[in-house]
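Q: Here's a sequence, model it:
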Amino acid sequence: MAIRDLIPWSRGDNLPAYRDDPFMAFRREMDRLFDDAFRGLEGGRLYSRLYGTTWPRVEVTDSEREICITAEMPGMDEKDIEITFDDGAMVLKGEKREDMESKDRRFSERYYGRFERRIPIGTEVQDNQIRAKFKNGVLQVTMPKTERAQSKVRRIPVEAEADANA
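A: Predicted structure coming up:
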């Protein structure tokens, strides 16, 4: 018997050693049950705590002259958001409060509570010229790059390799 035969999770159901083991069958059924249960909760809080989905969702664009970060925060006001630039990263903090009592709620996929996102920038920006705008639940932060960072960008041409069989 090889060592790999003793490791049940590295083998499939095709090996006979654990095929008739009731505990392994029970474990497989429980794993399947939990997989099925969490598969439909991708927007929910429990799924995000288990699998690391973050809120708010952000989009980062990087042009020659600036970096722009856009975050969707529906149902929030600008007074609920705090933005700081610390050690080469933009830190986005805030809190979304519930707008109704939860006693009548049967099901919710909405996010409530405090959040903090740290988004590394990866290039030099003019931190004294960072601007943030908030409109209709969308936050847009614009960070102009320094002259030094703009001059570092260099396009590398990609050449096609000649086919050896031709």
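Q: from the chain's centre, how far out does the longest helix seen in the chain sit?
A: Counting residues, the longest helix found in the chain (DSSP state H) is helix 22-39. Distance, stretch centre to chain centre, for helix 22-39: 27 Å (CA atoms, centre = their mean, to the nearest Å).
Q: packing partners for it?
A: helix 45-51 (3 or more CB pairs under 8 Å, 6 or more residues apart in numbering; DSSP states H and E). Yep, even glycine has a C-beta here, placed from its N, CA and C like the rest.
Q: ok, then the element right after the helix it packs on?
A: Using DSSP states H and E, the helix or strand that follows helix 45-51 in sequence is strand 58-62.
Q: pLDDT of that next one, averaged?
A: The predicted model assigns strand 58-62 a mean pLDDT of 92.
Q: Now tell me what touches the next helix or strand after it from outside.
A: From strand 58-62 onward toward the C-terminus, using DSSP H and E, the following helix or strand is strand 66-72. Here strand 66-72 makes contact (CB atoms under 8 Å, 6 or more residues apart in numbering) with 56-61, 90, 92, 117, 119, 121, 123, 125, 137-145.
Q: Give me the buried positions along stretch 95-111.
A: For stretch 95-111, burial by neighbour count (16 or more other CB atoms under 10 Å) applies to Lys96, Tyr111.
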